[in-house]
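> Here is the input, now give the coordinates:
(chains A, B, C and D)
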Number of protein chains: 2
Amino acid sequence: MAENSRLTIATHVLTWMALARRRGQDLLTSEQVAASVNTNPVIIRRSLGDLRRAGLVEVRRGAGAGWILARTPEEITLLDVYNAVEQHPLFAMHHTDPNLECPVGKGIRPALGHVYDGVEQALRHELQRTSIADVLKRTLQE
Amino acid sequence: MAENSRLTIATHVLTWMALARRRGQDLLTSEQVAASVNTNPVIIRRSLGDLRRAGLVEVRRGAGAGWILARTPEEITLLDVYNAVEQHPLFAMHHTDPNLECPVGKGIRPALGHVYDGVEQALRHELQRTSIADVLKRTLQE
DNA sequence: CCTTGTTGTAACAAGGTTTGTTTCAAACGG
DNA sequence: CCGTTTGAAACAAACCTTGTTACAACAAGG
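Numbering: from 1, shown residues only, chains lettered A, B, ... in the order given. Down below sits the predicted model:
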């Protein structure tokens, strides 16, 4: 179970909110969103909490509360979603320090860090090419 | 601890083998490699096993056994290493099926799969740009 | 053929992550 | 003040990753 589906869940949430909005329903509760994702409302609130902290959605509390998109679906890219829900770098370094007496042990981490930065950059660039509106369009075509 | 450092470990292993080779020592035991990575030889054997199955290293068994690079460091890219050690896709889909009655629940997986394929493609393209020889060069510069 | 060094693999522990669930205080519109 | 909903904590179940021990299989060299 330890394989992370947060980007998928958050994108699903936003795509569903985009469709509801187009249908005239701006405000959705976590329970309504959970019905589409088919999971527990608490899971959805956790995801929406990430998206709120990133400024992608807004929340209204109290009776008649719920969630609203803070931007149009065209203005939210999958990079925005990725940044909202992923914190760890793509590839982890050694969990314990390598042998710093060895020239490879000493120099490999900065060397690899440089490569990993480039890879993350490429990934981010690719994610930025797709918006929630694009995902919704393609979702409805399937 | 559940954050995967396999690409880092395998690249470290190959980089160290490349340096040893340049110094005239083609054959290394898992214990010798483990000394540079600063971990248990069994961990290294697991990593080398992945690399062997991918055809990047060869093994000699029996007394005086050990591991040899199967290609020159210039001919091994980080994409080769990634393919050898990573099996799961980058982003997981929902762990439980979404609600297929909902148009988003129904169409989101193929739509996202399409995007994820593109992202993985970009990642692979970037990894392919760097060889073990490149990593070694940069490692010794640090 | 035997000794010896090394691999391949299984089994297990420790610690971490992820999802799902229950619970309840806090917020707030009406 | 009531009723609905969020935010967050606490916990369980399942799984992953690393590290460790143990040992059979293998083969080179005497």
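
> ok, the closest residue to residue A:141 other than its chain neighbours - how many residues close by?
Spatially, and ignoring its direct neighbours in sequence, residue A:141 is nearest to residue B:107 (7.2 Å; CB to CB, 6 or more residues apart in numbering or on different chains). For every residue, glycine as well, the C-beta is placed using N, CA and C. Neighbours of residue B:107 under the rule other CB atoms under 10 Å in any protein chain shown: 21.

> Just confirm residue B:107 contacts residue A:138, I think it does.
Yes: in this structure, residue B:107 is within contact of residue A:138 by CB atoms under 8 Å, at 7.5 Å.

> give the contact list for the residue nearest to residue A:141.
Shown in contact with residue B:107 (CB atoms under 8 Å, 6 or more residues apart in numbering or on different chains): A:138, A:139, A:140, A:141, A:142.

> those strands in chain A, which residues are they?
A:57-60, A:66-69 (DSSP state E).

> Looking at these, which is nearest to residue A:24?
strand A:66-69 (12.8 Å; CB to CB).

> chain center to the biggest helix by length in chain A, what's the gap?
Across chain A, the longest stretch assigned as helix under DSSP state H is helix A:103-128. Put simply, helix A:103-128 sits 21 Å off its chain's centre (CA atoms, centre = their mean, to the nearest Å).

> Next: stretch A:60-70.
20 Å.

> Most distant residue from the centre of chain A?
residue A:101 (40.2 Å; CA atoms, centre = their mean).

> quick one: that residue from residue B:138, how far?
19 Å (CB to CB, to the nearest Å).

> Equivalent analysis for residue A:70, please.
From residue A:70 over to residue B:138 (counting by CB to CB), the distance is 42 Å.

> rewinding a little: kindly reformat the contacts of residue B:107 as a markdown table containing distance to residue B:32, neighbour count and pLDDT.
As requested, the contacts of residue B:107 are exported to a markdown table (distance: CB to CB, whole Å; neighbours: other CB atoms under 10 Å in any protein chain shown; pLDDT from 0 to 100):
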| residue | distance to residue B:32 | neighbour count | pLDDT |
| --- | --- | --- | --- |
| A:138 | 51 | 18 | 98 |
| A:139 | 53 | 25 | 98 |
| A:140 | 58 | 15 | 97 |
| A:141 | 56 | 9 | 94 |
| A:142 | 53 | 13 | 74 |
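
> nearest to DNA strand D, of the residues you listed?
residue A:139 (22.4 Å; CB to the nearest atom of the strand).

> In this structure residue A:113 contacts residue A:91, no?
No: in this structure, residue A:113 is not within contact of residue A:91 by CB under 8 Å, at 9.5 Å.
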